[in-house]
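> Structure, please.
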Amino acid sequence: MGIGKSKIDPCPLSLSWNKSHSVDRSPKYESKSTKSKAISLSVQAEQSSSTEEPAGQKGPEEAEEMPEDEEVFFKFVILHAENDISEALRVQDLLQDGFGIKPGIIFAEMPCGRQHLQNLDDAVNGSAWTILLLTENFLRDTWCRFQFYSSLMNSVNRQHKYNSVIPMRPLNNPLPRERTPFALRTINALEEGSRGFHIQVERIFQESVYKTQQSLWRETRNVMETKCTTHDWLL
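Numbering: from 1, shown residues only. Sure, this is the predicted structure:
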């Protein structure tokens, strides 16, 4: 299954329009002819402004409709402890803005109101790489332990997911190697604090691998949609 676009409560942008109030410098007493001319000119100006539109802008009927959100196959998903949301967001921005690896998502951005297992399945299978954010908080969370075991099993059972699980030790509060579970120590981890970090990133997140997994994901999704359509038709 794919993952719908979602974000963590983005702050709304508020635009304040500064209106300048002009001072009325006209004389208090005017002749009737002058007043009638002023009224006539003001009416013409209002009619002109209501019919003309600024250049480069479209009217309401011509405005293009925004496309509806579609399922997206992400390049990476970051699995993290509940207390590491801010660190996961920082790493997400680092990979997307610093290395151009986008789109990416963190587990906390998955849709609310659904079962955790469903979100985990969608996150892992709806992205090319699964990043495990190894911090001191990671092993304290039972759910995180389940996440990395499930991710490893998924990469073993599905051939196209081989080498798709990437442990990562971030700069802030990293989990020491000696305390890392043995199953994860067998995998080369991304070390943000190492000199060769940027080389590691370039070697792992290759566009050709992403395209291959994206094609397989689309094929799987199409098969599932065909089965659902056939089932509905039979009913």
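> Scan the protein for its longest helix.
helix 207-234 (DSSP state H).
> Could I get the average pLDDT for it?
If you average the pLDDT over helix 207-234, you get 81.
> What segments of the protein are helices?
32-51, 85-93, 99, 116-125, 142-157, 182-185, 197-204, 207-234.
> Name the residues of stretch 112-119 that come out as buried.
By neighbour count on 16 or more other C-beta atoms under 10 Å, the buried set for stretch 112-119 is Asn119. (Glycine included, C-beta is placed from N, CA and C.)
> my guess is Glu87 contacts Pro170, does it?
Yes. Using C-beta atoms under 8 Å, Glu87 is in contact with Pro170, at 5.7 Å.
> got any ranges where this protein has weak pLDDT?
For the chain, applying pLDDT under 70 flags the ranges 1-70, 113, 227-235.
> returning to that earlier point: which one of the helices of the chain lies closest to Ile106?
Nearest of the helices of the chain to Ile106, taken as C-beta to C-beta: helix 85-93 at 4.3 Å.
> hmm, who's touching the closest one?
8, 78, 80, 104-108, 131, 133, 135, 168, 170, 172-173, 192 (C-beta atoms under 8 Å, 6 or more residues apart in numbering).
> Tell me the one of those nearest Lys161?
Lowest distance from Lys161 to these (C-beta to C-beta) belongs to Ile131, with 13.7 Å.
> got any residues that touch both of Glu87 and Pro170?
Leu133, Thr135.
> Show me what the longest helix of the chain is packed up against.
strand 127-133 (3 or more C-beta pairs under 8 Å, 6 or more residues apart in numbering; DSSP states H and E).
> Can you tell me the strand partners of the strand it packs on and which way each runs?
strand 74-79 (parallel), strand 165-169 (parallel) (DSSP bridges).
> Between helix 197-204 and the first one, find me the angle.
Read that as strand 74-79. 120 degrees (axes from the mean of the first three to the mean of the last three C-alpha atoms, to 10 degrees).
> what's in contact with strand 74-79?
Here strand 74-79 has contacts from 3, 88, 91-92, 95, 101-107, 123-124, 126-133, 144, 147-148, 151, 166, 205, 210, using C-beta under 8 Å, 6+ apart.
> ok, back up a step: relative to Arg218, which of the strands paired with strand 127-133 is closest?
strand 74-79 (13.5 Å).
> Tell me what angle the closest one forms with helix 207-234.
With the same axes, to 10 degrees defining the directions, strand 74-79 sits at 90 degrees from helix 207-234.
> C-alpha coordinates for strand 74-79, CSV please?
Presented in CSV, the C-alpha positions along strand 74-79 are these (Å, rounded to 0.1, in the frame of the first residue of the first chain):
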residue,chain,number,x,y,z
PHE,A,74,8.6,7.7,-0.4
LYS,A,75,12.4,7.4,-0.6
PHE,A,76,12.7,6.8,3.1
VAL,A,77,10.8,6.5,6.3
ILE,A,78,12.4,7.2,9.7
LEU,A,79,11.3,4.9,12.6
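> Show me what Val165 is bridged to.
With DSSP bridges applied, Val165 shows beta-bridge pairing to Thr130.
> ok, the spatially closest residue to Asn83 that is not a sequence neighbour to Phe76 distance?
Distances taken as C-beta to C-beta, 6 or more residues apart in numbering place Asn137 nearest to Asn83, at 4.7 Å, with adjacent residues excluded. Per C-beta to C-beta, to the nearest Å, Asn137 is found 20 Å from Phe76.
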